[in-house]
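Peer 1: structure here, sequence nowhere to be found:
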């Protein structure tokens, strides 16, 4: 009986040590900042402030965009807008995030698309300024461009 108690105590101690080790383990690679704002122009479809939210897991990243200043021109069903977000890469080039993720929106609702998946490399510094967001809604292409750099700065991926 004494041997079972010792074994049980050792197992509990090992488990507690493992949990403590996880608590102090280094965090996964992350993008900074996680959110940024831009001022965008979408032609006749509106313009104004928009929020970009980025996430990263290794070389996979996603970016979502939402704006109360840019509105849906017509009612759209969930996951029916084909979106392509091209982000300018510091040093030249670009990275594309694309997909068909969006909530259902009524005409006049705030626009929200994403998360749009893309591939990044460690050290990539991406800004919406110099890029575009193209949304295809019922065959009509809406193109939005940033009027200046992101605030507080570009997304930098680990």
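Peer 2: Now that the structure is in, tell me what you want to look at. Note that the structure is predicted; figures quoted are calculated from it, not measured.
Peer 1: got the residue ranges for the strands in the chain?
Peer 2: Taking DSSP state E to define them, one finds strands in the chain at 31-32, 35-41, 47-57, 60-71, 82-89, 94-99, 110-119, 125-137, 140-146, 155-157.
Peer 1: possible to save these as CSV with mean neighbour count?
Peer 2: (Glycine included, C-beta is placed from N, CA and C.) Output for the strands of the chain, formatted as CSV (neighbours: other C-beta atoms under 10 Å):
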stretch, mean neighbour count
strand 31-32, 17
strand 35-41, 18
strand 47-57, 18
strand 60-71, 19
strand 82-89, 21
strand 94-99, 17
strand 110-119, 19
strand 125-137, 20
strand 140-146, 16
strand 155-157, 21
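Peer 1: save those as CSV, and put in mean pLDDT too.
Peer 2: Formatted as CSV, the strands of the chain follow (pLDDT from 0 to 100):
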stretch, mean pLDDT
strand 31-32, 97
strand 35-41, 96
strand 47-57, 96
strand 60-71, 93
strand 82-89, 98
strand 94-99, 98
strand 110-119, 96
strand 125-137, 96
strand 140-146, 93
strand 155-157, 98
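Peer 1: roughly how far apart are residue 61 and residue 154?
Peer 2: Residue 61 is 13 Å from residue 154, where distance means C-beta to C-beta, to the nearest Å.
Peer 1: and residue 91, how many residues sit next to it?
Peer 2: For residue 91, the neighbour count with other C-beta atoms under 10 Å is 8.
Peer 1: list the contacts for it?
Peer 2: residue 125 (C-beta atoms under 8 Å, 6 or more residues apart in numbering).
Peer 1: tell me how many other residues surround residue 104.
Peer 2: For residue 104, the neighbour count with other C-beta under 10 Å is 12.
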